[in-house]
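> quick one, fold the following:
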Amino acid sequence: MARFALAVIMLHPLITINGVFLAAVFGYMFYNAYLHPLSKYPGPKLWAATMIPSVMSIIRGDMAVDCKRLHDQYGDIVRISPWELSYRNADAWKDIYAHRTGHTLLPKEPFFYSPVSGHPNIVFSDHATHARIRRTVANAFSEKALRQQEDLIKVHIDLLMQRLNEIADEKMSLDIVMWYNFCTFDLIGDLSLGQAFGCLRNSELHPWVRMQFLLNQSFSFFMTASMIPFGFKLFDLILGNGVLKARDEHVKLTDQAVKRRLATKTDRPDFLYFMQRDIGSEGDRLSVDELVSNAGALISAGSETTATLLSGATYHLLRNPEVMDKLCREIRGTFKSDEEINTVTLSGLKYLQAVMEEALRCYPPVPTGLPRIVPKGGEVLLGKYVPANTIVSVNNWASYQSAKFFKDPEKFVPERWMGDTRYADDDRKIFQPFSVGPRVCLGRNLAYMEMRLILAKVLYNFDLHLLPKSNNWMDQKALVKVQPWIFGNVHQAKVPFRELAKQVIRHFLVLLEQRETKLFQTMRDELSIDAKKPKEMFEKNGQQVLIRPANDPSGCDLLVMMWRFGGKMYNMRKFEAPHGCVPFAAGDAQYLHMASEGLDIRDNSGRFLGTGNGRTVSTSHSQSLSASALDPLSEEFLKLWERESDTTVAAALSKNSRTNP
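Residues are numbered from 1 along each chain as shown. So this is what the prediction gives:
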């Protein structure tokens, strides 16, 4: 009995401490739910009492869907955390995001818009800095700039058509979202950095782009970590420092690319060109660090968002065959050839524009809200007082999918934007996908240009069919997970070796056709190609050697002629060397190249391997091979190819028989 009494006495302080702690926690939750200045606003009491429900909703990627559900239940203003209000009202756009006489413009919530590079940019900055940067960056999005940029944009869209054409020839399925992302990242990278990422050419995401996706995926974790005690410590324990390293490497690569572009002093009409000229005053001129930060921000804001909208539009078109048929008739009935499609000729396609608007309503790239914070002294929003430090926003998904504002909100009906009397009562003032006010999206016109050109060319040239298992693609998460590839992982197509070989050969010839030099034209005419090994196996089994002319740092694309696998050299094709060139292999490299006189030969780390003399390669790192030394394809490789040629695919694609006989 004495020992038991002693144990109780020893445990008593711990029981007291735990009891006090629990009482404090419940007291804090009770205060938030019933006594807090925001307690008069409707919403679920648990969400008002603690951050846990909203944090879990963000981590699960369900915040947009949850907010719609809560707005449907509680009305136009809902309290979704102890210090946050979500709005679903057309007038709230003006009160929260626009200038109002006698009112302060609400600032952005600081953490949500902290610049990755540490330097302000058009997206991540306070209002005063934003105004200065916007005056300069706006030059890159002017009507004059867009006219000059169209040719740069069409280069990448035409390459997308070529790559899709290869897939259609083989009657293969594809992941259309992946290809949209390849195109938009290449396009916006070219405009922002003066060079494309090569996603379309290589059929894979560039390391910079992969890091961008990683940062997008981790952003919600950073955001939720800021909401809870010791959140960043917990973040480090769960994810480690890999994300932070990726962020730093991402900034470093952007810095290098921007400085390399600035050093060229070219009149190429990309973003950096326009951001350095027509400056209103020297005070508006951006520093190099600010140019780097803005280039990264513009790529982030203008790539995946455009691909996301194109993906949503394509999905809804495929789910609504009558809408798809009507749009295809408009596009194919207007143009006699693909070359006629441009921004001017597309401006008259009213149904295409209506499809874009409906896609923005049914699948907004930013489904949640853009948070603002109420400044010191509080503010009146929609006629009600909101205390200082409250986070407020208009929720896009909850607004656009509400029957209060749109008839049949769950249906994809482009006619609602064309004066159809059935939808005359739709409240279109709630529809602001590019926001409003002084921070309205600068890239709106560029985004519309890209989307119209890409979608019009895709539907002019191809017929698409949705695979059955992709029917529920809309049931996906936002923020935590990058938008899943539309139709991803739903169908596997076993492609026979010879058919896949033909497809890869066509892709290689497309790359050759992109180079307008006489050398590449000669090579294409004189090559007779049998097959090409899958790119993934090249990367797994060897080192890429690049050829650069000594007097031209931009160089030319490599020509893959041979590979080494399992200690043996295998032939990729029959080859007849153009005049002045002979093939060679460098050490254990997996590629055989052309070594012309005056060409520097370097590996993919930039190490100098030698100089071509037109006959042999004069370096100890390489060996000379003649055209007659090519061996036939081995049975070992044929079996290896068959085993590794399964392709995870997404949607059926075929040529439009009318325009592509």
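
> where does this structure have low pLDDT?
By pLDDT under 70, the weakly predicted segments of the chain are 1-15, 111-114, 116, 170-171, 216-244, 278-283, 476-661.

> what about the helices in the stretch 51-200 of the chain?
52-60, 63-74, 90-97, 127-137, 143-169, 176-193, 199-202 (DSSP state H, counting those that start in this stretch).

> return the most buried member of those helices.
Among these, ranked by average contacts under mean count of other Cβ atoms under 10 Å, first place goes to helix 176-193 (a mean of 26). (Each C-beta comes from the backbone N, C-alpha and C, glycine too.)

> packing partners for that helix?
Here helix 176-193 touches helix 143-169, helix 199-202, helix 207-225, helix 242-262, helix 271-275, helix 288-302, helix 304-319, helix 444-461, going by 3 or more Cβ pairs under 8 Å, 6 or more residues apart in numbering; DSSP states H and E.

> can I get those helices in CSV with distance to Asp325?
CSV is the format used below for these (distance: least, Cβ to Cβ, whole Å):
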stretch, distance to Asp325
helix 143-169, 19
helix 199-202, 29
helix 207-225, 34
helix 242-262, 43
helix 271-275, 38
helix 288-302, 31
helix 304-319, 9
helix 444-461, 10
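
> out of those helices, which is closest to Leu46?
Closest to Leu46 of the helices and strands packed on helix 176-193, according to Cβ to Cβ: helix 207-225, at 16.8 Å.

> show me where the stretch 351-500 of the chain has its helices.
Using DSSP H, counting those that start in this stretch, the helices of the stretch 351-500 of the chain run over 396-400, 444-461, 497-514.

> show me what contacts Ile52?
Residues in contact with Ile52 (Cβ atoms under 8 Å, 6 or more residues apart in numbering) are Leu46.

> could you check how far it is from Ile59?
Separation of Ile52 from Ile59 (Cβ to Cβ, to the nearest Å): 11 Å.

> if we can go back for a sec, for the helices of the stretch 51-200 of the chain, which one sits closest to Tyr448?
Once those are compared by Cβ to Cβ, helix 143-169 is nearest, at 9.9 Å.

> got the angle for the closest one vs helix 176-193?
150 degrees (axes from the mean of the first three to the mean of the last three Cα atoms, to 10 degrees).

> residue contacts, Lys68?
Applying Cβ under 8 Å, 6+ apart to Lys68 gives the contacts Asn395, Trp397, Ala398, Gln401, Ser402.

> the closest residue to it other than its chain neighbours - how many residues pack around it?
In this structure, Lys68 finds its nearest non-sequential neighbour in Ala398, 4.1 Å apart by Cβ to Cβ, 6 or more residues apart in numbering. Ala398: 25 surrounding residues under other Cβ atoms under 10 Å.

> same thing with Ala196?
Around Ala196 there are 22 residues (other Cβ under 10 Å).

> kindly report the same for Thr421.
7.

> repeat that for Ser39.
Neighbourhood size, Ser39 [other Cβ under 10 Å]: 16.

> from what I can see it touches Ala33, true?
Yes: using Cβ atoms under 8 Å, Ser39 is in contact with Ala33, at 6.6 Å.

> joint contacts of the two?
Ala48.

> do a quick rundown of the strands in the stretch 401-550 of the chain.
With DSSP state E, counting those that start in this stretch as the criterion, the stretch 401-550 of the chain has strands at 462-465, 491-494, 545-549.

> map the structural domains onto the sequence of this structure.
Per automatic domain parsing, the domain ranges recorded for the chain read 130-494, 497-644.

> looking at the helices and strands packed on helix 176-193, which is nearest to Glu410?
helix 304-319 (11.1 Å).

> can you tell me the closest non-neighbouring residue to Asn139?
Spatial nearest neighbour of Asn139, chain neighbours left out: Phe274 (4.2 Å); criterion: Cβ to Cβ, 6+ apart.

> tell me which of the helices of the stretch 51-200 of the chain sits nearest to Arg332.
helix 143-169 (14.7 Å).

> quick check: which helices or strands does that closest one pack against?
Here helix 143-169 touches helix 176-193, helix 199-202, helix 444-461, helix 497-514, strand 651-655, going by 3+ Cβ pairs under 8 Å, 6+ apart.

> now do the same end-to-end measure for stretch 74-93.
19 Å (Cα to Cα, to the nearest Å).

> quick check: buried residues in it?
For stretch 74-93, the neighbour count (16 or more other Cβ atoms under 10 Å) marks 74, 76-90, 92-93 as buried.

> check stretch 421-430 too.
Buried residues in stretch 421-430, counting neighbours by 16+ other Cβ under 10 Å, are found at Tyr423, Asp426, Ile430.

> closest to Met63 among those?
Of all those, Ile430 has the smallest distance to Met63: 19.0 Å, by Cβ to Cβ.

> contacting residues around that closest one?
By Cβ under 8 Å, 6+ apart, the contact set of Ile430 is Arg88, Asn89, Ala90, Trp93, Ser399, Tyr400, Ser402, Phe405.

> Leu152 now?
Leu152 neighbours (Cβ under 8 Å, 6+ apart): Leu187, Asp190, Leu191, Arg268, Pro269, Asp270.

> using CSV, lay out those residues together with distance to Gly419.
CSV is the format used below for the contacts of Leu152 (distance: Cβ to Cβ, whole Å):
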residue, distance to Gly419
Leu187, 33
Asp190, 38
Leu191, 35
Arg268, 42
Pro269, 37
Asp270, 39
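
> in strands, which of the buried residues of stretch 74-93 appear?
The strands, defined by DSSP state E, take in Ile77, Val78, Arg79, Ile80, Ser81, Glu84, Leu85, Ser86, Tyr87 from those.

> dump the residues you listed into JSON lines; add distance to Thr368 as well.
Formatted as JSON lines, these follow (distance: Cβ to Cβ, whole Å):
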{"residue": "Ile77", "distance to Thr368": "16"}
{"residue": "Val78", "distance to Thr368": "13"}
{"residue": "Arg79", "distance to Thr368": "16"}
{"residue": "Ile80", "distance to Thr368": "10"}
{"residue": "Ser81", "distance to Thr368": "13"}
{"residue": "Glu84", "distance to Thr368": "11"}
{"residue": "Leu85", "distance to Thr368": "13"}
{"residue": "Ser86", "distance to Thr368": "9"}
{"residue": "Tyr87", "distance to Thr368": "12"}
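
> between the residues you listed, which is closest to Phe182?
Of all these, Ser86 has the smallest distance to Phe182: 34.8 Å, by Cβ to Cβ.

> distance check, that closest one against Phe185.
31 Å.

> re earlier: among the helices and strands packed on helix 176-193, which comes closest to Val413?
When these are compared by Cβ to Cβ, helix 304-319 sits nearest Val413, at 10.0 Å.

> the closest one: what's the following helix or strand?
Note on helix 304-319: by DSSP states H and E, the next helix or strand toward the C-terminus is helix 321-334.

> what's whichever helix or strand comes after that following helix packed up against?
Using DSSP H and E, the helix or strand that follows helix 321-334 in sequence is helix 343-346. Applying 3+ Cβ pairs under 8 Å, 6+ apart, one finds that helix 343-346 contacts helix 444-461.

> what packs against the helix it packs on?
For helix 444-461, the packing partners by 3+ Cβ pairs under 8 Å, 6+ apart come out as helix 143-169, helix 176-193, helix 304-319, helix 321-334, helix 343-346, helix 350-362.
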